[in-house]
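Undergrad: Predicted model follows, preceded by the sequence.
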Amino acid sequence: MPKQILAELLRKEQIIKDVYKFTIKAEEIVKLAKPGNFIEIKVNNQTEPFLRRPISIYNIEVEHGILEFIFQVKGKGTQILAQKNIGEKIDIIGPLGYGTFKIGDKTNVAIIGGGIGIFPLYELAKQITEQKKRVNGYLGFRTKDLVMLENEFTKITNNLTITTDDGTYGKNGFAINYLIEDMKKEKYECIYACGPLPMLRSLQEYANKNNIECQISLEEKMGCGLGVCLGCAVKTAKSSIESPKYFQVCKGGPVFNSRDVEF
Amino acid sequence: MNTRINFAGIELKNPVTVAAGTFGYGREFANFFDLGKLGAIITEGTSLKAKSGNKPPRVCEVSSGMLSSIGLQNPGIEYFANNELPFLRKYDTKIIVNACANSVEEFVELCKILNDLDIDGIEINSACPNVEDNNKVFGSTYESIKMLTKAVRKEIDKPLIIKLTPNVENIGKIAKGVEDGGADAISLIGTISAMKIDIYKRKPMISTNIGGLSGPAIKPIALRMIYEVNQNIKIPIMGLGGIVSGEDAIEFMLAGATAISIGSGNLIDPYTSIKTIEGIEEYMRKSNIKNISDIVGKLELN
């Protein structure tokens, strides 16, 4: 059950151009948060911008009541958010989303993320590593200047592969190609993913065809994040033209089994 | 200080209700506050059979508001009656069901079922297209809204509210059609037809191209329409359109609304309705008003 709180901004760090990491005090939320959950932020107490901004949870430290999230400045809302000062209170609802990353009894898994989609994979990989299980990471970025969090992800994965589309850093090409190559010798029991749609679609096709469990975190334009406006729809795998069926990303997701959705 | 109000025969503990499509069937909000604090809950738009809704994207933000085109996604009346109504009935508030259909017969059939349920009122969504009339919405002319109102009135002993769409030429005349058709009350305004364009893709931002605008952006238009409708009819008005505070609610009541609804305000802050109730009470204290009903329609024109 989500809570609404006014969370104090404790730390603020720019990690690459236009991308910020915020550390907030959010005891009530971290107690309930699971990997894959997100929060909804009201960036000011006015009606412009109107809606809250859904942002995924990057890291939680339950013992300290600390929550971290990372966001890219894209429009009005995130611009206002990026200007918050340390000590300011931020209006947050969370944790949101009933569909979260499930670790279960798997012992050898992979995470794959692209660009700003890598953030929700951090808490997941951290928890898998804490459970002394094996997790390999594949993180793809467009170019060298956009590569981020390499050290952080290195610490919580057994092996980390960084790729850039233009070959300016790490391995050359798409992260998914390196994951598929490794699958010739590795037996990942599950692939966890978040990132751009083309990457998720290729991965879904690969995982479904090869009968590999795949949990993907999706994004869709959201109104409320609470499951009431029914705005953020994603087609279910059972959907057809004659009989369309939808999940709400904010409620059924944001994490779905790749077999259950069509996007 | 008395915030109680009688709206079309429904005794509300305060004039604040929550609008269809912004409150689900209450479950999500019950996590945040006691639903019994509300004057009434107007449910999700509910149809005879389950509806899956429109394809995404269904919503986008605009200046001080949002555009939406949900397509009336809902689980159908039978599911509502069996699974959602018993939950809602646990709370000490009034339950009004928003009903949607695409023909007169469908509305009549739905209203027969609704009339037998343990609910306090029925709100008809007149922005539904009528498949028997080239998909023209029921609420678009005096004649068609009067005809629909008459047809459902025959089936309903409970308070009958007709919700009006603002996308019409003469809202006062449409409201008269509702009154002449025998409804107990009117609610307005629904969303305003609007658009938002992605200039790089050169495409509308929502899948149906045109959607419904809601939020504070439409509040001045809503107020004007409520004022106009109040000149034309005697039955009470449920006012809505961008209300997010007690001050907003008072404006609507002065313009002629007996009760008000919080719509998209629920989406940006789950406590908007509660804050609105508190805001109304604060206004009553400040302005020394004993009964909230005393301010309804008490606008003094220039």
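TA: That came through fine.

Undergrad: I'd guessed A:N45 sits against A:K89; true?
TA: No: under the criterion of Cβ atoms under 8 Å, A:N45 lies out of contact with A:K89, with a separation of 10.2 Å. Glycine gets a C-beta too; all of them are placed from N, C-alpha and C.

Undergrad: Look at those two and report which has more neighbours.
TA: In this view A:N45 and A:K89 are compared by other Cβ atoms under 10 Å in any protein chain shown, and A:K89 has more residues nearby, 13 against 7.

Undergrad: Return the residues in contact with that one.
TA: Shown in contact with A:K89 (Cβ atoms under 8 Å, 6 or more residues apart in numbering or on different chains): A:6-9.

Undergrad: Show me which of the residues you listed is closest to B:S207.
TA: Comparing the contacts of A:K89 against B:S207 with Cβ to Cβ picks out A:A7 as the nearest, at 34.4 Å.

Undergrad: Check which helix or strand the closest residue to the closest one other than its chain neighbours maps to.
TA: On the basis of Cβ to Cβ, 6 or more residues apart in numbering or on different chains, the spatially nearest residue to A:A7 that is not a chain neighbour turns out to be A:I24, at 4.1 Å. In the assignment (DSSP states H and E), A:I24 maps to strand A:19-25.

Undergrad: Can you spell out which helices and strands pack onto that strand?
TA: Contact here means 3 or more Cβ pairs under 8 Å, 6 or more residues apart in numbering or on different chains; DSSP states H and E; on that basis strand A:19-25 packs against strand A:3-16, strand A:66-72, helix A:76-82, strand A:89-96.

Undergrad: pLDDT on that strand, on average?
TA: In this model, strand A:19-25 has an average pLDDT of 98.

Undergrad: Residue numbers of the stretch 151-300 of chain B in contact with chain A?
TA: Within the stretch 151-300 of chain B, the residues that sit near chain A (Cβ under 8 Å from any Cβ of the partner chain) are B:205, B:215-216, B:244, B:264, B:266-271.

Undergrad: will you turn these into TSV that also has distance to B:N302 and pLDDT?
TA: Shown next, in TSV, are these (distance: Cβ to Cβ, whole Å; pLDDT from 0 to 100):
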residue	distance to B:N302	pLDDT
B:M205	39	96
B:G215	28	98
B:P216	24	98
B:V244	26	98
B:S264	30	97
B:N266	34	98
B:L267	35	97
B:I268	33	97
B:D269	34	97
B:P270	38	97
B:Y271	35	98
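
Undergrad: Is there a quick PyMOL command that grabs whichever of those are buried?
TA: One line in PyMOL is enough to select the buried ones among these; burial here means 16 or more other Cβ atoms under 10 Å in any protein chain shown:
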select buried, chain B and resi 205+215+216+244+264+266+267+268+269+270
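
Undergrad: Out of the residues of the stretch 151-300 of chain B next to chain A, list just those in helices.
TA: Cross-referencing those against helices under DSSP state H gives B:266-268.

Undergrad: Give me the neighbour count for B:K37.
TA: Once other Cβ under 10 Å is used to define contacts, B:K37 is seen to have 16 neighbours.

Undergrad: one step back: and chain B, is the helix or strand following the strand holding A:I24 touching that?
TA: Downstream of strand A:19-25, the first helix or strand assigned by DSSP H and E is helix A:27-30. No: under the criterion of Cβ under 8 Å from any Cβ, helix A:27-30 makes no contact with chain B; the nearest approach is 12.3 Å.

Undergrad: Give me the contact list for helix A:27-30.
TA: Counting contacts by Cβ under 8 Å, 6+ apart, the residues outside helix A:27-30 that touch it are A:2-3, A:5, A:7, A:39, A:60-62, A:65-67, A:92, A:94-95.

Undergrad: Of these, which pair is most distant in space?
TA: Checking the contacts of helix A:27-30 with Cβ to Cβ, the most distant pair is A:P2 and A:E61, at 19.3 Å.

Undergrad: what about those two, which has more around it?
TA: Taking A:P2 and A:E61 together and counting by other Cβ under 10 Å, A:P2 has the greater number of neighbours (24 against 13).

Undergrad: distance of the more buried one from chain B?
TA: A:P2 sits at a distance of 7 Å from chain B (criterion: Cβ to the nearest Cβ, to the nearest Å).

Undergrad: you'd agree that residue is up against A:I92?
TA: No: distance between A:P2 and A:I92: 9.6 Å, which falls outside the contact criterion (Cβ under 8 Å).

Undergrad: For the closest residue to chain A within the stretch 101-250 of chain B, which residues are in contact?
TA: Checking the stretch 101-250 of chain B residue by residue against chain A with Cβ to the nearest Cβ singles out B:P216 as nearest, at 4.4 Å. Contact criterion Cβ under 8 Å, 6+ apart gives A:47-48, A:50, B:64-65, B:242, B:244, B:248 as the residues in contact with B:P216.

Undergrad: In helices only, show me these.
TA: B:D248.

Undergrad: Of the contacts of B:P216, which is the nearest to A:K34?
TA: Nearest member of the contacts of B:P216 to A:K34, counting by Cβ to Cβ, is A:F50, at 28.5 Å.

Undergrad: List the contacts of the closest one.
TA: The neighbours of A:F50, taking Cβ under 8 Å, 6+ apart as the test, are B:61-66, B:215-216, B:264, B:268.

Undergrad: Dump stretch A:188-196 to CSV, restricted to CA.
TA: Output in CSV follows, covering the C-alpha atoms of stretch A:188-196 (Å, rounded to 0.1, in the frame of the first residue of the first chain):
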residue,chain,number,x,y,z
TYR,A,188,20.7,-17.7,-17.3
GLU,A,189,17.5,-18.8,-15.5
CYS,A,190,16.0,-15.3,-16.0
ILE,A,191,16.8,-12.1,-17.8
TYR,A,192,15.7,-8.8,-16.2
ALA,A,193,15.4,-5.8,-18.5
CYS,A,194,14.6,-2.2,-18.7
GLY,A,195,15.4,0.2,-21.5
PRO,A,196,14.3,1.4,-25.0
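
Undergrad: what does that stretch rub up against?
TA: Counting by Cβ under 8 Å, 6+ apart, the neighbours of stretch A:188-196 from elsewhere in the structure are A:56, A:101, A:106-115, A:117-121, A:124, A:136, A:140, A:179, A:199-200, A:203, A:207, A:212-217.

Undergrad: Chain neighbours aside, what residue packs nearest to the residue of the stretch 201-302 of chain B found nearest chain A?
TA: When scored by Cβ to the nearest Cβ, the stretch 201-302 of chain B has B:L267 as its residue closest to chain A, at 3.8 Å. Spatially, and ignoring its direct neighbours in sequence, B:L267 is nearest to A:C224 (3.8 Å; Cβ to Cβ, 6+ apart).

Undergrad: How about B:D92?
TA: In this structure, B:D92 finds its nearest non-sequential neighbour in B:G36, 3.9 Å apart by Cβ to Cβ, 6+ apart.

Undergrad: Where does B:T149 sit: helix, strand or coil?
TA: Local secondary structure at B:T149 is given as helix here, using DSSP: H, G, I helix; E, B strand; the rest coil.

Undergrad: and the closest residue to it other than its chain neighbours, how many residues sit next to it?
TA: Once its chain neighbours are removed from consideration, B:T149 has its nearest residue in B:G181; the separation is 2.6 Å (Cβ to Cβ, 6+ apart). Counted with other Cβ under 10 Å, the burial measure for B:G181 works out to 19 neighbours.
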